[in-house]
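> just coords:
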């Protein structure tokens, strides 16, 4: 390969989504002091426009797919799938943040710039095919997320959340980096394909023990980012303290990107050692599901409840990863897309009802919402039913494909335990439904203002997507299956 | 001679790192960190990475540590006060750490006979020209994207540090 440092037009095209996002983020930074005194809606519109342009750029990049920048990036179906997912989640978050920032009287400029940078980092992670690139993408996404979590500085809970997220997150990143260093020491490469080659055909092959240690370190780093056992402790505190739109974003965007990296690393570079790590991921999946579901049973704060539920859902995705097959990767991708839609929707309802300073975030505060705001309650009910996994919602097919992939890989025990877990999970989602539909309106529901048009649009997009994937799952399952073809 | 130097500076690095964790005053911690960085630079030099050793001293022991000390000075940070730690951390922290380090050293130990010994001064790929060429060819993209990372960090510092308007 020629060692030219002038990138070809194709290479520029393949990184165009990130370029658009970073340029728009920088533009917002420049405009912030100029637009300070004027209305705050313009930053949101700019940010939404940039995300829409990034979606178009992603499709354009997919038309000219292939490796870019000395194989640092691999723009394939898998990358495009996750790029579209994280950019879409970013768009929904930007939409929800419009009324939220106005309500909390927070500066919109830096918020939207950070959001765009975070999405750019996740988009890089989705396309990265090399450990250094993955690490930098992960750091861009994480650092922007830490600050977004603590964006409302007057709120003590938000500050605490940001600090916890930052300290534990940095620790996890250090583990990931240490794992990368071990891999480099063993194989002399940080490129995923070369690592896989070194682990399979090198003579003499690297010691299995060393591979296990490196894989364990990288698992630790990524498990933190996707909040699965044993690195899930931060999630409830952070989701509770972070602004509701940011909590929804954290549970969908960074998590999906981290799972993309997880799938790429463990299903390509570490595939030769799959027998070893699958056993550990089996336990991690099981304990995440069980712990998340049982802890969610006793929560009274809705954001904590959704945080524990997000741990459980990450466990379901790990079930699909444990299968380490093409069907498993496709099921995980479908599940992440479905989960993003329903969970961002759920957090949108929470953000809407919470009011200034997030006063109403107890499950009890949803009492009688069906009477005062039947529309919002009905949409929330759709998201909750989808989180349970009731047909015809996206959640049903998500679970269906995950457990089907697990059964095909002979993971009967894990499938049975996972299904039992879903039954446990149904209880706490139903509890919210019961409170919402069977109770007299409380103070929170009675005084709730009508949803703003931005919230309404976001809610309808999420609900429409949830139902669409529930009746027509092949819409994205087909592309997920084609994209998962990288699993050999 | 190389082996003796290696052991001396390796021991200094580990001792300084342990001291960094134990110290309660931030300035003492910062000084220990300089010790770690300096000894690591010597280790790089022993392996033959002159350029990396120089960068280690200039960037880490120099620039970054000066910044650390400035921040400590500006914050006027005093000695750290012990707060009630969780029971798990108090009783399990050290044993778990020992087990973890023991496992790591066991793994490294077990692979030692199979791999060739380290040759001091044997590394010859770390000249400025080669590092520069790699940065601008193979690692061009990570190199450029790092600037976005730094931009995000600066933006974050502005957001978290600005005065109320």
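Received, thanks. Because the structure is predicted, anything quoted here is derived from the model rather than measured.
> immediately after the worst-scoring helix or strand of chain A on mean pLDDT, which helix or strand?
Here the helix or strand of chain A ranked lowest by mean pLDDT, DSSP states H and E is helix A:443-446, holding a mean of 82. Later in the chain than helix A:443-446, the nearest helix or strand by DSSP states H and E is helix A:453-471.
> Tell me how far that next one lies from the chain's centre.
17 Å (C-alpha atoms, centre = their mean, to the nearest Å).
> now swap in stretch A:442-456 and tell me
How far stretch A:442-456 lies from its chain's middle: 27 Å, per C-alpha atoms, centre = their mean.
> Over to that stretch now: how far is its first residue from its last?
The straight-line separation of the ends of stretch A:442-456 (C-alpha to C-alpha, to the nearest Å) is 22 Å.
> contact partners of that stretch?
For stretch A:442-456, contacts defined as C-beta atoms under 8 Å, 6 or more residues apart in numbering or on different chains pick out A:44, A:95-96, A:98-99, A:348, A:351-353, A:355, A:359-360, A:364-369, A:371-373, A:375-376, A:459. Placement of C-beta: from N, CA and C, glycine included.
> How about the helix or strand of chain B with the lowest mean pLDDT and chain A, any contact?
Lowest by mean pLDDT, DSSP H and E among the helices and strands of chain B is helix B:87-111, with a mean of 84. Yes. Against chain A, helix B:87-111 shows contacts by C-beta under 8 Å from any C-beta of the partner chain at B:103, B:104, B:107, B:110, B:111.
> what about the first one, neighbour count?
One way to gauge burial is a neighbour count; for residue B:103, by other C-beta atoms under 10 Å in any protein chain shown, it gives 13.
> next one: stretch B:1-9 to chain centre, how far?
The chain centre lies 20 Å from the centre of stretch B:1-9; the measure is C-alpha atoms, centre = their mean.
> and stretch A:371-391, average pLDDT?
Stretch A:371-391 shows a mean pLDDT of 92.
> ok, and for it, which residues are buried?
Within stretch A:371-391, the residues that qualify as buried are A:372-373, A:376-377, A:379-390, counting by 16 or more other C-beta atoms under 10 Å in any protein chain shown.
> Spit out the contact partners of residue A:154.
By C-beta under 8 Å, 6+ apart, no residues touch residue A:154.
> hang on, it in a helix?
No. According to DSSP: H, G, I helix; E, B strand; the rest coil, residue A:154 belongs to no helix; its state is coil.
> so how far is residue A:347 from it?
Remark: distance between residue A:154 and residue A:347 (C-beta to C-beta, to the nearest Å) = 21 Å.
> And residue B:19, by the same measure?
Using C-beta to C-beta, residue B:19 is found at 45 Å from residue A:347.
> and those two? which has more neighbours close in?
Each of residue B:19 and residue A:347 had its neighbours counted (other C-beta under 10 Å), and the higher figure belongs to residue A:347 (32 against 16).
> Chain A contacts on chain B?
So far as C-beta under 8 Å from any C-beta goes, chain B lies against chain A at B:103-104, B:107, B:110-111, B:114, B:133, B:136-142, B:145-146, B:148-149, B:151-153, B:155-156, B:158-160, B:165.
> List the buried residues in stretch A:340-358.
Within stretch A:340-358, the residues that qualify as buried by neighbour count (16+ other C-beta under 10 Å) are A:340-355, A:358.
> go on, stretch A:273-280?
For stretch A:273-280, burial by neighbour count (16+ other C-beta under 10 Å) applies to A:273, A:274, A:277, A:278.
> Over to stretch A:55-67?
A:55, A:57, A:58, A:61, A:62, A:65, A:67.
> Which members of the residues you listed are positioned in strands?
residue A:67 (DSSP state E).
> quick one: which of the buried residues of stretch A:55-67 is nearest to chain B?
Using C-beta to the nearest C-beta, residue A:67 comes nearest to chain B of the buried residues of stretch A:55-67, at 11.2 Å.
> Hmm, the closest one is touching residue A:129, no?
Yes. Here residue A:67 lies in contact with residue A:129, judged by C-beta atoms under 8 Å, at a distance of 7.3 Å.
> Point out where chain B drops to low pLDDT.
Chain B contains residues with pLDDT under 70 at B:84-85, B:112-117, B:163-165.
> how does it divide up, domain by domain?
Following the assignment in automatic domain parsing, chain B carries domains at B:2-126, B:127-165.
> Deepest-packed of these, please.
domain B:127-165 (a mean of 15; mean count of other C-beta atoms under 10 Å in any protein chain shown).
> what distance separates it from the centre of its chain?
Centroid displacement of domain B:127-165 relative to its chain, using C-alpha atoms, centre = their mean, is 18 Å.
> Now do the contacts for the residue of the stretch 301-450 of chain A found nearest chain B.
In the stretch 301-450 of chain A, the residue that lies nearest chain B is residue A:357 (16.3 Å; C-beta to the nearest C-beta). Contacts of residue A:357 were listed using C-beta under 8 Å, 6+ apart, and they are A:104, A:155.
> at 6 Å instead, please
Applying C-beta atoms under 6 Å, 6 or more residues apart in numbering or on different chains to residue A:357 gives no contacts.
> Could I get the buried residue list for the least confident helix or strand of chain A?
A:444, A:445.
> just checking, residue A:217 touches residue A:179?
Yes. Taking C-beta atoms under 6 Å as the definition, residue A:217 is a contact partner of residue A:179 at 3.1 Å.
> Work out for me the element residue A:10 sits within.
In this structure, residue A:10 sits in helix A:9-14 according to DSSP H and E.
> quick revisit: and the buried residues of stretch A:55-67, which is closest to residue A:21?
residue A:57 (8.8 Å; C-beta to C-beta).
> wait, isn't that closest one in contact with residue A:18?
No. Under the criterion of C-beta under 6 Å, residue A:57 makes no contact with residue A:18, lying 8.7 Å away.
> Having no further points to raise, I will conclude here.
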